[in-house]
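A.B. asks: structure of the sequence below:
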Amino acid sequence: MSLSLLNPGSASVKNETALTINVNAARGLLDIMKSNLGPRGTVKMLVSGAGDIKITKDGNVLLGEMQIQHPTSQLIARTATAQDDITGDGTTSMILLVGELLKQAERYTSDKVHPRIITEGFELAKEEALKFLDTAPKMKIPVPASVKDGREIFVHVARCSVATKLQPEIANPLADILVDAVSCIHVPGKKIDLHMVELMHMQHKLGADTQFIEGLVLDHGSRHPSMPKRLENCYILTCNVGLEYEKSEDTSTYMYSDAQMRAKMAAAERKVVENKTQKIIDLKRQVCTEENGKTFVVINQKGIEPIALDMLSREGIIALRRAKRRNMERLTLACGGRAVNTVDDLSPEDLGQAGLVYEHVLGDEKYTFVEKVVNPTSCTILIKGPNKHTITQIKDAVRDGLRAVKNTIEDGCVVPGGGAFEIALAHHLETKFANTVQGRPKLGVKAFAEALLVIPKTLAENSGLDVTYTVIDLQEAYSKGDMVVGVDLNSGEAMDPTVAGVYDGYTVVRHMLNAAALVAMQLLLVDEIMKAGTGKRGGRGGKTAEDDPIE
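C.D. replies: Take a look at the predicted model:
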């Protein structure tokens, strides 16, 4: 009544109806996303308004591409995508846990239990879950601080991340590539910067042919036909010098009275560029001799005019112009040396080194490979695929896989996967912690414990297994022994995830538990949903709450 007096064009629903709307929105999103969970999950086909098709099972991509209209579903989707932005994984698991928490809570609220009682239990269960994650034995599995000291476990982490998005024939070799890439850029004692891993793609061959390049791949080649296409044992000069005629910054006019004066002015312009180019050639002659067998490569961020290109080609120099700015920093990190902005004080200390530089031509596209560098702290993952769809899929998986390896290094630990942590936590909450909680909040603790089982249940369902028998077998196996147990997606039997190499990220699990519980509690405490009218004097054509209900 009060809202309709303030805005006659508004609509609102209250109490049980508002709760039912929120629960149904969360369950609807859960039903859409649950079939994508795990390595055996199915994929979704997204068709845009322009007819573009995207096939994916990446939860973050799906939530970003789907046009979600319902406000509650939008809220849950934004929380899940924030999970991916922060941790790089766990989007689908977040959706499932929020939906299942609200679904379990509805069992009690439908029996007239106040939502505040349930949320108190959720809060207690969430705090105990985070404590259990940090203190329970075998829940935090330590990993070495360096990739080289524990490569196998990092490969397992990367494989578990990308296997949920790609076929095994692509995911298995890609896991080794991701570990190599993070190991290349990781400097002990410094924060890992994943921007130092360049992602290049070539629409060529198959996705399984994706390569790790310990160096850089530039998406352009030399601009002179006489330049060499392949050089070994190279010095690399990285520069940002204009080797072409540059216009003045201020508006100016040059006047000449005859052709001789014009020719003299053009020759003076060329002389400036020739002098700069000659200084580069002089440095090349100084450091490259017949005795050491060295060659020379120039990679310039600015332009190089044809005359300068011709001078460099006669000296057997590969010269690349207009290199992307992001590659200039990576070049010095990969090859060594310094990026210079002038040729006046060139010295051998400015030069980096690479064992091999060569040009690869694919159709109309040219690529320059800089390989066999010494002690690189920048590298390239060259993604290959027969079509744009495959390349996009691999790119999304690579980004998540890199984040997974990075998080593992920074966390210093991993969590057993395959639903093992959820089985252990649900057992702990229901059989031990719930007995210590006094009063009605115990209902919320039990609902939280039951909701956690949505992860192993969905993994079993997506693998074509009997959900009920599988979960019961897992719970019995865990209660009998000291080992953690996850679901074997091939047989449905209990397995030790640490032996099978199935791990989840510590940061991902911790953030998922915290964020999912908070979102579920906020939605449970909503007792009224108000939708304001957009027009004046009666809103949109004078519609009232009865004409425009919230559904």
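A.B. asks: give me the buried positions along stretch 277-287.
C.D. replies: 277, 279, 280, 281, 283, 284 (16 or more other CB atoms under 10 Å). Placement of C-beta: from N, CA and C, glycine included.
A.B. asks: again, but for stretch 188-201
C.D. replies: Applying 16+ other CB under 10 Å to stretch 188-201 flags 192, 196, 197, 198, 199, 200, 201 as buried.
A.B. asks: likewise for stretch 47-66?
C.D. replies: Buried, per 16+ other CB under 10 Å, within stretch 47-66: 54, 56, 57, 58, 59, 60, 61, 62, 63.
A.B. asks: ok so the last one is a strand residue?
C.D. replies: Going back to what we said before, that points to residue 63. No: going by DSSP: H, G, I helix; E, B strand; the rest coil, the assignment for residue 63 is helix, not a strand.
A.B. asks: for it, which residues are in contact?
C.D. replies: For residue 63, the contacting residues are 77, 80, 81, 91, 95, by CB atoms under 8 Å, 6 or more residues apart in numbering.
A.B. asks: grab the nearest non-local neighbour of it.
C.D. replies: Sequence neighbours aside, residue 77 is the residue nearest to residue 63 in space, at 4.5 Å (criterion: CB to CB, 6 or more residues apart in numbering).
A.B. asks: so which helix or strand takes in that neighbour?
C.D. replies: helix 71-87 (DSSP states H and E).
A.B. asks: can you give me the end-to-end span of stretch 206-223?
C.D. replies: For stretch 206-223, the separation between the terminal residues is 29 Å (CA to CA, to the nearest Å).
A.B. asks: can you give me the strands for the stretch 201-350 of the chain?
C.D. replies: 211-213, 216-218, 230-239, 295-300, 318-320 (DSSP state E, counting those that start in this stretch).
A.B. asks: can you read off the pLDDT for residue 348?
C.D. replies: Note for residue 348: predicted pLDDT of 91.
A.B. asks: before we move on, back to that, would you turn the strands of the stretch 201-350 of the chain into JSON lines with distance to residue 264, mean neighbour count and mean pLDDT?
C.D. replies: Listed next are the strands of the stretch 201-350 of the chain as JSON lines, based on distance: least, CB to CB, whole Å; neighbours: other CB atoms under 10 Å; pLDDT from 0 to 100:
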{"stretch": "strand 211-213", "distance to residue 264": "49", "mean neighbour count": "19", "mean pLDDT": "92"}
{"stretch": "strand 216-218", "distance to residue 264": "38", "mean neighbour count": "24", "mean pLDDT": "91"}
{"stretch": "strand 230-239", "distance to residue 264": "29", "mean neighbour count": "21", "mean pLDDT": "93"}
{"stretch": "strand 295-300", "distance to residue 264": "28", "mean neighbour count": "24", "mean pLDDT": "94"}
{"stretch": "strand 318-320", "distance to residue 264": "28", "mean neighbour count": "24", "mean pLDDT": "94"}
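A.B. asks: can you redo those as CSV with distance to residue 112?
C.D. replies: Below are those laid out as CSV (distance: least, CB to CB, whole Å):
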stretch, distance to residue 112
strand 211-213, 60
strand 216-218, 64
strand 230-239, 72
strand 295-300, 72
strand 318-320, 73
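A.B. asks: wait, which of those is closest to residue 517?
C.D. replies: Counting by CB to CB, residue 517 lies closest to strand 211-213 out of those; the figure is 39.2 Å.
A.B. asks: show me what that closest one is packed against.
C.D. replies: helix 168-185, strand 379-385 (3 or more CB pairs under 8 Å, 6 or more residues apart in numbering; DSSP states H and E).
A.B. asks: redo that, cut-off 6 Å
C.D. replies: strand 379-385 (3 or more CB pairs under 6 Å, 6 or more residues apart in numbering; DSSP states H and E).
A.B. asks: quick check: angle from the longest helix seen in the chain to strand 230-239?
C.D. replies: Ranked by residue count under DSSP state H, the longest helix found in the chain is helix 259-287. If you take axes from the mean of the first three to the mean of the last three CA atoms, to 10 degrees, helix 259-287 sits at 110 degrees to strand 230-239.
A.B. asks: closest one of the buried residues of stretch 188-201 to residue 404?
C.D. replies: Nearest to residue 404, judged by CB to CB, of the buried residues of stretch 188-201 is residue 192 at 12.1 Å.
A.B. asks: how close does residue 123 get to residue 521?
C.D. replies: 7 Å (CB to CB, to the nearest Å).
A.B. asks: on that earlier part again, from the buried residues of stretch 47-66, which has minimum pLDDT?
C.D. replies: Among these, residue 54 carries the lowest pLDDT, at 83.
A.B. asks: just the element for it, please.
C.D. replies: Using DSSP H and E, residue 54 falls in strand 53-56.
A.B. asks: tell me the strands beside that strand, with direction?
C.D. replies: strand 44-47 (antiparallel) (DSSP bridges).
A.B. asks: how far away from the center of its chain is the strand it pairs with?
C.D. replies: Relative to the mean C-alpha coordinate of its chain, strand 44-47 is positioned 20 Å out (CA atoms, centre = their mean, to the nearest Å).
A.B. asks: in that strand, what's buried?
C.D. replies: Buried-residue list, strand 44-47, by 16+ other CB under 10 Å: 44, 46.
A.B. asks: check stretch 315-327 too.
C.D. replies: 317, 318, 319, 320, 321, 323, 327.
A.B. asks: go on, stretch 347-365?
C.D. replies: Quick answer for stretch 347-365 (16+ other CB under 10 Å): 350, 351, 352, 353, 354, 357, 358, 359, 360.
A.B. asks: what's next to it, contact-wise?
C.D. replies: 202, 204, 221, 229-232, 234-237, 287, 297, 335-338, 340, 367-373 (CB atoms under 6 Å, 6 or more residues apart in numbering).
A.B. asks: at 8 Å what do you get?
C.D. replies: 202-204, 215, 219, 221-222, 229-238, 283, 286-287, 295, 297, 318, 331-332, 334-338, 340, 366-374.
A.B. asks: got phi/psi on residue 138?
C.D. replies: Residue 138 adopts backbone torsions of phi 70, psi 10, taken as degrees, to the nearest 10.
A.B. asks: quick one: contacts for it?
C.D. replies: Here residue 138 is in contact with 416, 482, 483, 484, 498 (criterion: CB under 8 Å, 6+ apart).
A.B. asks: ok, now with 7 Å
C.D. replies: If you count contacts by CB atoms under 7 Å, 6 or more residues apart in numbering, residue 138 has them with residue 484.
A.B. asks: same question, the one 4 residues further on
C.D. replies: Contact partners of residue 142, counting by CB under 7 Å, 6+ apart, are 412, 413.
A.B. asks: again with the one 3 residues further on
C.D. replies: For residue 145, the contacting residues are residue 412, by CB under 7 Å, 6+ apart.
A.B. asks: ok, now the one 3 residues further on?
C.D. replies: Under the criterion of CB under 7 Å, 6+ apart, the neighbours of residue 148 are residue 183.
A.B. asks: now do 10 Å
C.D. replies: 154, 179, 183, 186 (CB atoms under 10 Å, 6 or more residues apart in numbering).
A.B. asks: does the closest residue to the second one other than its chain neighbours sit in a helix, a strand or a coil?
C.D. replies: If you skip the residues right next to it in sequence, residue 179 has residue 154 as its closest partner in space, 4.8 Å away by CB to CB, 6+ apart. Secondary structure of residue 154, reduced to three states by three-state DSSP: helix.
A.B. asks: and the strands of the stretch 201-350 of the chain: which comes nearest residue 408?
C.D. replies: With CB to CB as the criterion, residue 408 lies closest to strand 211-213 of the strands of the stretch 201-350 of the chain, at 18.3 Å.
A.B. asks: partner strands of that closest one, with direction?
C.D. replies: Strand 211-213 has the following strand partners under DSSP bridges: strand 379-385 (antiparallel).
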